[in-house]
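Asker: Sequence below, structure please.
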Amino acid sequence: MLVFVDESGDSGTKGKPGSSDMFVITAVTFSDDRDAAECDQRISDLRYKCFHGRNMEFKFNKCCDDYRHEFLAEVSRFDFFYLAFGLDKKRLYGPGFDHKESFYKYSAKLLFEIAKPYLRNASVLIDRCGNREFRLQIETYLRSRINTDKEVIKKVKTEPSHSNNLLQLADMVCGAVARSLKTGRPDALRFRKLISHRELDVQIWPKV
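Answerer: Residues are numbered from 1 along each chain as shown. Coordinates of the predicted model:
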């Protein structure tokens, strides 16, 4: 099993200028290596079509809506699933959330508690170009899990997303989920609907 992890948002506290309202982390899973390879190839084809052969990266927050729609509509045909966890920072209280280390560790812990029932002998790949604090915390958490749940997670690696199409898939899926959680946007659910049949679980904390 292959698992690709990416995040959207930041650890900035509520009300801080430039801070996101939500922090979302997403795990995209493939049970079959062949399905992953076919999806990988399709993303390469899409890159050539969208970017006219230039070696550019699919990132949700940098793509136009037309590219977001085409990408998610195309990859939704492949046999992957995803889970996501979102922290609603507007409703967080307590001094622990003012510290990046605690913030990211807690987020990583809850994501993989949600994902654990769906994982077996998983190779987890994390975006090396993403937030460094997030990456270190999730690596630490998962490596501690390896020691006690060898059948769940086999190994943890990092890789730059610009060289891995399936990390770019995780970015685009995470971006679609994060967009869907923005209240007041008429198009909030537009992109998440395209991949809704690939969704295993999305949880928001604190719960309403």
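
Asker: Was I right to think K157 contacts A122?
Answerer: No - between K157 and A122 there is no contact under C-beta atoms under 8 Å: 11.4 Å. C-beta: built from backbone N, CA, C; applies to glycine.

Asker: pull the helix or strand with minimum mean pLDDT from this structure.
Answerer: helix 132-148 (a mean of 81; mean pLDDT, DSSP states H and E).

Asker: In terms of secondary structure, what does that one contact?
Answerer: helix 100-115, strand 122-127, strand 153-159 (3 or more C-beta pairs under 8 Å, 6 or more residues apart in numbering; DSSP states H and E).

Asker: Between these, which one is closest to A37.
Answerer: In terms of C-beta to C-beta, the element of the helices and strands packed on helix 132-148 nearest to A37 is strand 122-127, at 14.0 Å.

Asker: Now do that closest one against helix 100-115, angle only.
Answerer: Strand 122-127 and helix 100-115 are oriented at 140 degrees to each other (axes from the mean of the first three to the mean of the last three C-alpha atoms, to 10 degrees).

Asker: so which of the helices and strands packed on helix 132-148 gets nearest D201?
Answerer: Among those, helix 100-115 sits nearest to D201 (C-beta to C-beta), with 5.5 Å.

Asker: Surely R128 and S161 touch.
Answerer: Yes - between R128 and S161 there is a contact at 7.5 Å, judged by C-beta under 8 Å.

Asker: Settle it for me: which of the two has more neighbours?
Answerer: The neighbour comparison of R128 against S161 (other C-beta atoms under 10 Å) goes to S161, with 24 against 16.

Asker: ok, longest helix in the protein?
Answerer: Once the chain is assigned using DSSP state H, the helix that runs over the most residues is helix 33-51.

Asker: Quick check: next helix or strand after that helix?
Answerer: Sequence-wise, the next helix or strand downstream of helix 33-51 (DSSP states H and E) is helix 65-75.

Asker: Off-centre distance for that following helix?
Answerer: Centroid separation between helix 65-75 and its chain, computed with C-alpha atoms, centre = their mean, to the nearest Å, is 16 Å.

Asker: What residues of that helix count as buried?
Answerer: Within helix 65-75, the residues scored as buried using 16 or more other C-beta atoms under 10 Å are 67-68, 70-72, 74-75.

Asker: same deal with stretch 126-140?
Answerer: Within stretch 126-140, the residues scored as buried using 16+ other C-beta under 10 Å are 126-131, 133-139.

Asker: List of residues touching that stretch?
Answerer: 5-7, 10-11, 25, 100-101, 104-105, 107-108, 111-112, 156-162, 167, 170-171 (C-beta atoms under 8 Å, 6 or more residues apart in numbering).

Asker: Fine by me, we can end here.
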